[in-house]
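S.K.: coords please:
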Amino acid sequence: MSNSNPVTCRRVPQLLRRGAVLLMCFLATAAISPVLAESKAVVRNASLTLGAGQDVYELDARVDFTLPEDARKGIEAGLTLRVVYEIELARVRGYWPDATIAALAQAYELSYHALSQRYLLRNLNTGEQQDFGSLPTALAQLGDVRGLPVIDADLVKDDSRYEVYLRAVVDLSTTPAALQWLLFWTDDWSTTSEWFVWPLRP
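M.R.: Got it, this is the predicted structure:
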């Protein structure tokens, strides 16, 4: 007489199949993750100078963005790329901690409009919007900062030393509700550049 349980015998193949599916998902994740970690943002140069009216210091900067192919496809599928430029101006105080004089966050969103097949770049601070025919062109424009007002010249004193800090924060986790399933893959697409620091001489 056999002591095997028919119910248990039927469950074994099901458990094996589920285990195989989980193993395949794990291997796929392990294979994809290194690719998704390649997002980069690098501040190449930056300067703060008085504008034409000589009453406001304005920022000019060049930032390079590198996105892996999967991130680019994610944008085409509906993900929104959000970039925030964080700018700080600090007065150098020697042995005391530097005093922050001004802090500014300039935010942008880059998305793809499937109907027109154009990439839309929107300045979230001003509402201004531009459109581009390719993602590289849109990223190049995003990284080209020109004449961004930062601080009134009256707040910068001639007898003090200052340092300016700039970095770019990149996030691809802002999605419509219908695309929440893509969030599983977006964590490694977000990145933050190193602080770019330079002195300001009034």
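S.K.: which residues in this protein form helices?
M.R.: 6-36, 69-77, 135-142, 183-186 (DSSP state H).
S.K.: Mean pLDDT per helix and strand in the chain: which one sits at the bottom?
M.R.: Least confident helix or strand, the chain: helix 6-36 with a mean of 45, by mean pLDDT, DSSP states H and E.
S.K.: so where is this protein shaky, pLDDT-wise?
M.R.: For the chain, applying pLDDT under 70 flags the ranges 1-38, 94-98, 173-188.
S.K.: Phi and psi next, for S134.
M.R.: phi -140, psi 150 (degrees, to the nearest 10).
S.K.: I'd guessed it sits against R118; true?
M.R.: No. Counting by CB atoms under 8 Å, R118 is not a contact partner of S134; they are 9.3 Å apart. All C-beta atoms are positioned from the backbone trio N, CA, C, and that covers glycine.
S.K.: more neighbours, those two?
M.R.: Set S134 next to R118 and count neighbours by other CB atoms under 10 Å: R118 wins out with 16 against 11.
S.K.: what about A102, neighbour count?
M.R.: Neighbourhood size, A102 [other CB under 10 Å]: 16.
S.K.: measure it to P199 for me?
M.R.: Going from A102 to P199 by CB to CB, to the nearest Å gives 15 Å.
S.K.: The residue nearest the centre of the chain: what's it in contact with?
M.R.: Centroid check for the chain by CA atoms, centre = their mean gives V170 as the closest residue, at 0.7 Å. The contact partners of V170, by CB atoms under 8 Å, 6 or more residues apart in numbering, come to 39, 41, 65, 81-83, 189-192.
S.K.: hmm, which of those are the buried ones?
M.R.: Listed as buried from these are 39, 41, 65, 81-83, 189-191; burial here means 16 or more other CB atoms under 10 Å.
S.K.: Using a markdown table, lay out these together with distance to A114.
M.R.: Output for the buried ones among the contacts of V170, formatted as a markdown table (distance: CB to CB, whole Å):
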| residue | distance to A114 |
| --- | --- |
| S39 | 23 |
| A41 | 26 |
| F65 | 22 |
| L81 | 15 |
| R82 | 19 |
| V83 | 21 |
| W189 | 20 |
| S190 | 23 |
| T191 | 26 |
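S.K.: Give me the buried stretch members for stretch 54-67, please.
M.R.: 56-59, 61, 63, 65, 67.
S.K.: of those residues, closest to R91?
M.R.: Distance to R91 across the buried residues of stretch 54-67 (CB to CB) is lowest for Y57, with 13.7 Å.
S.K.: Alright, calling it a day.
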